[in-house]
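J.: Below are the sequence and a predicted model; questions follow.
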Amino acid sequence: MAHMIPRQPPPSGPGSRAERELFLALADALDDQHFVYSRLSFLERGQAREGECDFLIVHRERGILAVECKGGGVRRRGDGTWMRTVRGREVRMDESPFEQAQRTIKTLEKQLWFRTRKLFPELRRFPFVHGHAVAFPLALGDDANLPLDVAPETLWDAADLDDIGARVEAALAFWTRAAGGGVQPLEAWQFKQFRKKALHPKLGVVECLGADIRAEERQLVRLSDEQVHVVEQWVDNPRLRVRGGAGTGKTVLAVEAARQLAEDGLGVRLLCFNRPLANYLRAVIESDEVEGGAIEVSNFHSLCRASRVSLTDRDFEVPVASLDEARFWAEVAPTYLLDAIADDRVDRPDALVIDEGQDFAELWWAVLEELLGGAGQGRMLVFYDPAQAIFHGESCVPEMPTIRLRRNFRNTRRIAEVVCELGQVEMDSFDRAPEGEEPEVRDQESPSRTKKQLANLLRRLIRDQKLLPDQIAILTPHTRPNSCLAGVEELGGYELASKPMDRAGRVLHTTIGRFKGLESDVVILLDVDPDDPRCGRHERYVAASRAVHRLYVFAKGEWRG
């Protein structure tokens, strides 16, 4: 059976029936040496024009075939023009299906050859015979009346579906003859690299499929066009920044970028601001073997701390006074990293991938340039959201080519609307994002009354709605001793955890700042006070965006204002 990417066929619907029929036929007829990519999105190199290949059939030895699939409502008139039916009316097509398929394979060949040369500089020609075909799975054709520019091997109709494997081989053989013979195929390991890095870079984007938060069902979804664009751009640009609102997949993309750069043989350091996020990223990286180079994961200050220890054998001596402490973390701690670089006490990576870039202070960027070997050296990829700059005020990410992400993959639509309002950002929800429910807002009363209400809410969610305790996160602007939960170790009979990565079987309570970059099925916001400097609009935006399915808010005043 062929490797089908994605594994599932297009949905059964009026506009997808032909593609679904061909998908199922190819899956059954071709062996496991064939890789079939359905609805493969691409961008023409150097242009903003997007394209899509209905099916791309790839075989290491026999070649590549781009297949244009047409359903009902497409026909060729006697005068040679092609027509399609749109809302009951025939409209002339700008190009024939065969011209469309030919243009697709020519564009893809240029794109893939550019990338393949980067992978294997020793190659002197594109290592695949390539051509096109057009399929009409719902119609019957007439081989005796083919246009002069159409070969019988490149036209498939409904009668060919029962023997589609032979038809694919005939089409590839035709294009081999047209090219004057075959080409030297890639070695098996090279073919794997071609598929993983040039043709279809692996990328997992988590999408919630339902509003029923009692289930934790998730699945990998096909890349959005903008994420395909990000993947392509980091291949070609040594410096790139990716800007996107909360929930647009920046962290997922950061992890994937680090993996791909490492698989290219580069030494990669994946940095972020938040220590809990660094712990999460490390766990994700360690759970998946990476071929090639190494990935080191840490938050920025852990790197500074390790530098201090390597230089002096002593840990940080952090001032107690709040203003001095803030200055220490922003200005003093980075100097230890700079000294360690100068003294050759720290490993210099080939590439830096930075998540939470908006939280990096201005001085830090100069230090990171030195870590890469000086201005312009090495590779740097930065993911950031100016609206989440809650630690150093304004974002000061250096100028470099920029890509915008505008689609929310994390939150239900109702939560996403609130997130956009709080962050004053423009994002569209993913196509199949569930509607969800409006955030539930309550006036926060006395600490004793609030704790009683919170205990009742936890019992309702866990006992009645069958949630697990570790699906729930309680976030406050301040640490527990300075919140309405001071002295509380359990609520409603459920123990409270304080570390995001150590919450199994317990309800998490942590600060908004420490939970930034992470997410939870249910988020409960406590002590929400717009007059509190630690609970400004940016902080509320960050906090609300952590909720995947449900959001509960205990507020003192108008929390969305």
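T.: Sure thing, it's come through.

J.: What confidence value was assigned to E421?
T.: E421 is assigned 92 on the pLDDT scale.

J.: I'd guessed it sits against W559; true?
T.: No. Taking Cβ atoms under 8 Å as the definition, E421 is not a contact partner of W559, at 10.9 Å. The C-beta positions use only the backbone N, C-alpha and C, and glycine is treated the same way.

J.: Look at the two and report which has more neighbours.
T.: Neighbours were counted for E421 and for W559 using other Cβ atoms under 10 Å; W559 has more, 22 against 14.

J.: number of nearby residues for the closest residue to A159 other than its chain neighbours?
T.: Distances taken as Cβ to Cβ, 6 or more residues apart in numbering put L140 closest to A159, at 6.1 Å, once the chain neighbours are dropped. Neighbour count for L140, taken as other Cβ under 10 Å: 9.

J.: Looks to me like L140 is in a helix.
T.: No. Secondary structure of L140 (DSSP: H, G, I helix; E, B strand; the rest coil): coil, not part of a helix.

J.: how close does it get to W156?
T.: 11 Å (Cβ to Cβ, to the nearest Å).

J.: How about R20?
T.: R20 is 15 Å from W156, by Cβ to Cβ.

J.: and what of R327?
T.: R327 is 70 Å from W156, by Cβ to Cβ.

J.: L485 contacts L475, doesn't it?
T.: No. With contact defined as Cβ under 8 Å, L485 does not reach L475; the gap is 11.0 Å.

J.: Quickly list what's touching both of these two.
T.: Common contacts of L485 and L475, defined by Cβ atoms under 8 Å, 6 or more residues apart in numbering, comprise H509, L526.

J.: more crowded one of those two?
T.: L475 (27 against 22).

J.: Work out for me the element that one sits within.
T.: Assigned by DSSP states H and E, L475 falls within strand 472-476.

J.: Kindly report the same for V553.
T.: Counting by DSSP H and E, V553 is part of strand 547-555.

J.: what are the bridge partners for Y552, then?
T.: In this entry, Y552 is beta-bridged to E440, I524, by DSSP bridges.

J.: and it, how far is that from P439?
T.: Distance from Y552 to P439, by Cβ to Cβ: 7 Å.

J.: And for K118?
T.: 47 Å.

J.: who's more crowded, these two?
T.: P439 (21 against 13).

J.: My read is that the more buried one contacts V553, right?
T.: Yes. Between P439 and V553 there is a contact under Cβ under 8 Å: 5.8 Å.

J.: Can you check which residues contact both of these two?
T.: Residues touching both P439 and V553 by Cβ under 8 Å, 6+ apart: A544.

J.: Leaving out chain neighbours, which residue sits closest to V523?
T.: V523's closest residue in space is A547 (Cβ to Cβ, 6+ apart), at 3.7 Å.

J.: all helices for the stretch 301-450 of the chain, in order.
T.: Assignment of helices within the stretch 301-450 of the chain using DSSP state H, counting those that start in this stretch yields the ranges 322-327, 333-342, 362-371, 413-423, 447-459.

J.: which of the ones you listed sits most buried?
T.: Greatest average neighbour count among the helices of the stretch 301-450 of the chain goes to helix 413-423 (a mean of 21), per mean count of other Cβ atoms under 10 Å.

J.: list the helices and strands that one packs on?
T.: Under the contact criterion of 3 or more Cβ pairs under 8 Å, 6 or more residues apart in numbering; DSSP states H and E, helix 413-423 touches helix 537-545, strand 547-555.

J.: From the chain's centroid, how far away is the last one?
T.: Between the centre of strand 547-555 and the centre of its chain there are 24 Å (Cα atoms, centre = their mean, to the nearest Å).

J.: for the chain, longest helix please?
T.: helix 97-119 (DSSP state H).

J.: Show which residues not belonging to it make contact with it.
T.: By Cβ under 8 Å, 6+ apart, helix 97-119 touches 42, 44-45, 51, 53, 56, 64-68, 70, 74, 82, 95, 123, 126-127, 130-134, 147, 149-150, 154, 190, 193-194, 197-199, 235.

J.: Can you show me the CA trace of that helix as CSV?
T.: C-alpha atoms of helix 97-119 as CSV (Å, rounded to 0.1, in the frame of the first residue of the first chain):
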residue,chain,number,x,y,z
PRO,A,97,-6.2,20.9,-17.1
PHE,A,98,-3.1,19.7,-19.0
GLU,A,99,-1.6,23.1,-19.1
GLN,A,100,-2.4,23.5,-15.4
ALA,A,101,-0.7,20.2,-14.5
GLN,A,102,2.3,21.0,-16.7
ARG,A,103,2.8,24.4,-15.0
THR,A,104,2.5,22.8,-11.6
ILE,A,105,5.2,20.2,-12.3
LYS,A,106,7.5,22.8,-13.8
THR,A,107,7.1,25.1,-10.8
LEU,A,108,7.7,22.2,-8.3
GLU,A,109,10.7,20.9,-10.2
LYS,A,110,12.4,24.4,-9.9
GLN,A,111,11.5,24.6,-6.2
LEU,A,112,12.6,21.0,-5.4
TRP,A,113,15.8,21.2,-7.5
PHE,A,114,16.9,24.4,-5.6
ARG,A,115,16.4,22.7,-2.3
THR,A,116,17.9,19.4,-3.4
ARG,A,117,21.1,21.1,-4.5
LYS,A,118,21.4,22.6,-1.0
LEU,A,119,21.1,19.1,0.5
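
J.: State the mean pLDDT of the helix or strand following it.
T.: Remark: after helix 97-119, the chain's next helix or strand is strand 130-136, criterion DSSP H and E. Strand 130-136 shows a mean pLDDT of 88 in the predicted model.

J.: Equivalent analysis for stretch 365-385, please.
T.: 90.

J.: End to end on it, go ahead and measure it.
T.: 16 Å (Cα to Cα, to the nearest Å).

J.: ranges for the strands of the stretch 301-450 of the chain?
T.: 351-354, 379-384, 402-405, 407-408, 428-429, 440-443 (DSSP state E, counting those that start in this stretch).
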